[in-house]
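K.L.:
Provided below are the primary sequence and the corresponding predicted coordinates.
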Amino acid sequence: MRVGLYARVSSESDEQENALTQQLDRLRAAAVGHEAIEFVEVMSGTRDDRPQLARLMAACQRGELDRVICTRLDRLSRSMANGAELLTYFSAPDTPSLLALDDSLDLATPSGRLMANILISFAVAESDRLSERVRHGKTFHRKKLVPLGPYAPFGYRYNDQRDNYELNPETAPQARALVDRFLKEQTIRPLLRDAVKIPGCSLHNPCSFRRWIGNPTLAGYRVYGRTYAVRDSKGKLTKRMRQPWDWAEIYPDCHPPLISKAQHQQIVKILSNHRNRTRSALSPKYVGKLTGLVSCGNCGRTLYYQHVEDKTYRYLFCHGNDCVGAKKTRIRADVVEAAIWRELRQYKEQLLALALGNHPDAHGDCSSEQALTQQIKELEAQGDPDFAEAIAKKKARLAKLIEQRITSKVTAQERNAMEQALAGDHFWEIAQEDASRCRAFFSELVERVVVRGHEVESITLRLPSGGEASPCR
């Protein structure tokens, strides 16, 4: 018999580590004499997106397991909805059997399923009580303006009573130097190369650097509430991250400032401008052709490059922990580049057709407008009130035709600018081979690429006729 052993704890504390060891020891003893596969999870049972649980369910659906063993039912789930789904699945006749050692459950009988639902309800109640105790504790600390979190920001440290921040004499000068350089250079990546060399500094990527340098804590503020909850169409709450300078609660003058309030306001202004700035020139080894150009279709965040082990391909992925599609939004960089080139070549063909007067929108369909105008005049000349509705519809249609003709008209100046941007085939070949030219080409002509899952969803061009996102097929 093939058996799946599922063990789970909520955190990596010493107490939870001992509990995990005990779970595994009991599960292995229950599976003696059988072929066992272990699925070990360190994550809250209220979440239904646990990777090891997904791996376990996938193995069950492929028919690789005959039985699933856990110590208690709440190890599988502490969510009523997800727990009910699991119980329904394991109660079916063609699925693996489920054994909970402490609960002595037999899901093949109605009484066993009833008992399982009761136990799930108790697990949900216990999880709610635990969450309530945590909320009460955080509220108590907020009233006393005590900082939350296990670590102090770079440049600070906790005092002896651990109820406030104080400047760290070892890292505060280096933190101020990073801030001064950022205010002077207004860029992040060169600073990261120096930050990784500083002992005790955890600013290893642009996201963590923005979170640190935009944090009002550096200016002496006490801040609470970095995330906010959003309810989706199914009623599920999802946490979303605020901007680095945006917090739910901000209290001034709570600890010694690392920077002045004026410097903090200047930093916020710089970070805000970064979102709409022109992309910089290509920096070998650190910046790719698509850096800052591709965003996630689920949460809107910018996708970052990621190397796989064999380094054959470069991938773009969403780094948002709270993004509903972060585990799935991952695409090869060459696939995105190929989609951009296809979109630009299609646009060039439309432009050439427009320049030669072969495009149907090049001069507008004036014959249709003239015919509609003549029909409207004839109906109005008859003076019959029964024709009023028909006249109104024809006028609306005429207005729409005129609007389409006006909006599709391209001036000679715009056409010349686009012809220069979309040069001959020789330039296209050079741009595709040269990384710097390719990056400059994308920066000039492409506004945004949206990726959802493993596919390019839309491409927005910077050119006058390409201002709207066009779906890529």
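P.N.:
Received, thanks.

K.L.:
all strands for the stretch 101-250 of the chain, in order.
P.N.:
156-158, 165-167, 222-224, 227-231, 237-241, 249-251 (DSSP state E, counting those that start in this stretch).

K.L.:
show me what the first one is in contact with.
P.N.:
Counting contacts by C-beta atoms under 8 Å, 6 or more residues apart in numbering, the residues outside strand 156-158 that touch it are 147, 152, 164-168, 172, 217, 255, 258. C-betas here are computed from N, CA, C, even on glycine.

K.L.:
farthest pair in those residues?
P.N.:
Set against one another by C-beta to C-beta, the contacts of strand 156-158 have their most distant pair in 147 and 172, with a gap of 16.4 Å.

K.L.:
between these two, who's got more neighbours?
P.N.:
Just comparing residue 147 and residue 172: by other C-beta atoms under 10 Å the higher neighbour count belongs to residue 147, 20 against 17.

K.L.:
quick one: the strands in the stretch 301-450 of the chain?
P.N.:
304-307, 314-317, 330-332, 446-452.

K.L.:
among those strands, which comes closest to residue 143?
P.N.:
strand 304-307 (38.7 Å).

K.L.:
partners of the closest one, with directions?
P.N.:
strand 314-317 (antiparallel) (DSSP bridges).

K.L.:
and the strands of the stretch 301-450 of the chain as CSV, adding mean pLDDT and distance to residue 399?
P.N.:
Converted to CSV, the strands of the stretch 301-450 of the chain look like this (pLDDT from 0 to 100; distance: least, C-beta to C-beta, whole Å):
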stretch, mean pLDDT, distance to residue 399
strand 304-307, 72, 47
strand 314-317, 82, 44
strand 330-332, 84, 42
strand 446-452, 86, 30
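
K.L.:
of these, which is nearest residue 440?
P.N.:
So among the strands of the stretch 301-450 of the chain, strand 446-452 is nearest, using C-beta to C-beta, at 11.1 Å.

K.L.:
show me what that closest one is in contact with.
P.N.:
With C-beta under 8 Å, 6+ apart as the test, strand 446-452 has contacts from 290, 293-298, 303, 316, 325, 329, 331, 336, 339-340, 344, 456-462, 467, 469.

K.L.:
filter these to the buried ones?
P.N.:
Neighbour-count burial (16 or more other C-beta atoms under 10 Å) is assigned, among these, to 290, 293-298, 303, 316, 325, 329, 331, 336, 339-340, 344, 456-459, 461.

K.L.:
among the residues you listed, which are in helices?
P.N.:
336, 339-340, 344 (DSSP state H).

K.L.:
using pLDDT, spot the least trustworthy of the residues you listed.
P.N.:
Lowest pLDDT among those: residue 344, with 80.

K.L.:
ok, that residue to residue 454 distance?
P.N.:
Applying C-beta to C-beta, to the nearest Å, the value for residue 344 to residue 454 is 22 Å.

K.L.:
any idea which helix is longest in this structure?
P.N.:
helix 110-143.

K.L.:
which other helices and strands does that helix contact?
P.N.:
helix 73-76, helix 80-91 (3 or more C-beta pairs under 8 Å, 6 or more residues apart in numbering; DSSP states H and E).

K.L.:
need those in a markdown table (columns: distance to residue 386, mean pLDDT and mean neighbour count).
P.N.:
Putting those into a markdown table (distance: least, C-beta to C-beta, whole Å; pLDDT from 0 to 100; neighbours: other C-beta atoms under 10 Å) gives the following:
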| stretch | distance to residue 386 | mean pLDDT | mean neighbour count |
| --- | --- | --- | --- |
| helix 73-76 | 71 | 84 | 24 |
| helix 80-91 | 59 | 76 | 17 |
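
K.L.:
and the end-to-end length of stretch 30-50?
P.N.:
End-to-end span of stretch 30-50 (C-alpha to C-alpha, to the nearest Å): 24 Å.

K.L.:
contacts for that stretch?
P.N.:
Contacts of stretch 30-50 (C-beta under 8 Å, 6+ apart): 1-12, 16, 20, 24, 27-28, 51-53, 55-56, 59, 64-65, 67, 69, 74-79, 81-82, 99, 101, 123, 127, 327.

K.L.:
return the set of buried residues in that stretch.
P.N.:
So, applying 16+ other C-beta under 10 Å, buried residues of stretch 30-50: 30-31, 36-37, 39, 41, 44-46, 48, 50.

K.L.:
can you convert these into JSON lines and add a column each for pLDDT and secondary structure?
P.N.:
Shown next, in JSON lines, are the buried residues of stretch 30-50 (pLDDT from 0 to 100; DSSP: H, G, I helix; E, B strand; the rest coil):
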{"residue": "30", "pLDDT": "89", "secondary structure": "helix"}
{"residue": "31", "pLDDT": "89", "secondary structure": "coil"}
{"residue": "36", "pLDDT": "90", "secondary structure": "strand"}
{"residue": "37", "pLDDT": "91", "secondary structure": "strand"}
{"residue": "39", "pLDDT": "92", "secondary structure": "strand"}
{"residue": "41", "pLDDT": "90", "secondary structure": "strand"}
{"residue": "44", "pLDDT": "85", "secondary structure": "coil"}
{"residue": "45", "pLDDT": "82", "secondary structure": "coil"}
{"residue": "46", "pLDDT": "79", "secondary structure": "coil"}
{"residue": "48", "pLDDT": "79", "secondary structure": "coil"}
{"residue": "50", "pLDDT": "86", "secondary structure": "coil"}
